[in-house]
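>>> predicted coordinates and the sequence they were generated for:
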Amino acid sequence: MVLVTGATGFLGSELVKQLLLKGEHIRAIKRDSSVIPANLKNELLIEWIDADLLDYFSLEEAVQGIATVYHCAAFVSLNPGDKKKMRRVNIEGTVNLLNVCAAHPIKKFLHVSSVAAVGNSKKGELITEKDQWEFGSGQSGYSISKYESEMEVFRAAAEGLKTVIVNPTMIIGKNAGQEGSGQLFEAVKNGLSYYPTGSFGFVDVRDVAMAMILLMESDIFGQRFIINAENWTYRDFFTAISLQMNKKPPTNELTPWMLEFARIGTGILSLFSGKSYSLSPDAARSAFKKQNFSNNRIKKALNLEFRSISESISEICKN
């Protein structure tokens, strides 16, 4: 039996769907407040249980009879105010799950991390798994939490648990809704005149889930893999979405001072409205970074080919 944490989320639900197609019996962890996706509600091969990553004893019950574990659950935020919560969920939660697994006959453990836990490359080169993350003032709370959770996975591996880590880039897909990467599509839909000058890697959610399953079925362990299909500038990415949505592509270059002015403005607006806005210093800095990622290791290990990001964008826009 397979255990999946974060099974109601964007990536977790896609993973569960692909595992079902392989005939796997799944125990899916969710919070009591989580909503089960409609396409998974009546699946007989899924056992849904309420468990909390911060509750060791609920996790101990969850792993009974489990052979393999996919750890997809995480708290994602670029808001500095969420740093403490991210540390608890992403680090302490991962520690609890790893310790529970180490005490039971778990054959393999896959941890979903992020490229936020991967270091920067030398100028002009693709970022690879060998680039070491370094602590500094420019690291977001999310980046720190994912890096430290990876260190716990490596610790568990050194103690005998077979583990593998995946570091996806920006995951896109039609079921993202208005969360995560879905916000980028929503921004274009609502009209976008400016584009930031940075670049980033993008990958279809179906390819991430497929790579995870192939890694778990393989003899590979003790390694980490960047999961990336293609590197795009934000300008090209927003332009491609705009054309698919019959919107005018953004033509104005966004400068750092503009985004900083907007960030301060949303902060002031938050004070008056009582509502939280997501334009944090971390988000502002990331928009101007040129981050391009290599996918050589995962392609070589699994003989894997990724979906075209242009095709994924087209499919998402149509939906």
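Perfect, thanks for sending it.

>>> residue boundaries of the helices in the stretch 101-250 of the chain?
Using DSSP state H, counting those that start in this stretch, the helices of the stretch 101-250 of the chain run over 141-158, 182-189, 205-217, 234-244.

>>> sketch out the low-pLDDT regions of the protein for me.
Applying pLDDT under 70 to the chain picks out residues 137-138, 256-285.

>>> repeat the analysis, applying 50 as the threshold.
Filtered on pLDDT under 50, the chain yields the residue ranges 263-277.

>>> which residues of it fall in strands?
2-5, 26-30, 46-50, 68-71, 108-112, 163-168, 170-172, 194-195, 199-204, 223-227, 230-233, 252-253 (DSSP state E).

>>> in JSON lines, list these along with distance to residue 211 and mean neighbour count.
Every C-beta, even on glycine, is put in place using the N, C-alpha and C of the backbone. Listed next are the strands of the chain as JSON lines, based on distance: least, Cβ to Cβ, whole Å; neighbours: other Cβ atoms under 10 Å:
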{"stretch": "strand 2-5", "distance to residue 211": "15", "mean neighbour count": "24"}
{"stretch": "strand 26-30", "distance to residue 211": "18", "mean neighbour count": "23"}
{"stretch": "strand 46-50", "distance to residue 211": "22", "mean neighbour count": "15"}
{"stretch": "strand 68-71", "distance to residue 211": "12", "mean neighbour count": "25"}
{"stretch": "strand 108-112", "distance to residue 211": "10", "mean neighbour count": "24"}
{"stretch": "strand 163-168", "distance to residue 211": "7", "mean neighbour count": "23"}
{"stretch": "strand 170-172", "distance to residue 211": "11", "mean neighbour count": "23"}
{"stretch": "strand 194-195", "distance to residue 211": "29", "mean neighbour count": "18"}
{"stretch": "strand 199-204", "distance to residue 211": "9", "mean neighbour count": "23"}
{"stretch": "strand 223-227", "distance to residue 211": "5", "mean neighbour count": "22"}
{"stretch": "strand 230-233", "distance to residue 211": "15", "mean neighbour count": "19"}
{"stretch": "strand 252-253", "distance to residue 211": "34", "mean neighbour count": "10"}
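
>>> quick check: which of those is nearest to residue 308?
strand 230-233 (7.6 Å; Cβ to Cβ).

>>> in CSV: the helices of the stretch 101-250 of the chain, plus mean neighbour count and distance to residue 79.
Output for these, formatted as CSV (neighbours: other Cβ atoms under 10 Å; distance: least, Cβ to Cβ, whole Å):
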stretch, mean neighbour count, distance to residue 79
helix 141-158, 20, 8
helix 182-189, 17, 14
helix 205-217, 20, 24
helix 234-244, 19, 21
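
>>> could I get those helices as JSON lines with distance to residue 309?
Formatted as JSON lines, these follow (distance: least, Cβ to Cβ, whole Å):
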{"stretch": "helix 141-158", "distance to residue 309": "23"}
{"stretch": "helix 182-189", "distance to residue 309": "12"}
{"stretch": "helix 205-217", "distance to residue 309": "10"}
{"stretch": "helix 234-244", "distance to residue 309": "8"}
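
>>> so for residue 296, which of these sits nearest?
So among the helices of the stretch 101-250 of the chain, helix 205-217 is nearest, using Cβ to Cβ, at 13.5 Å.
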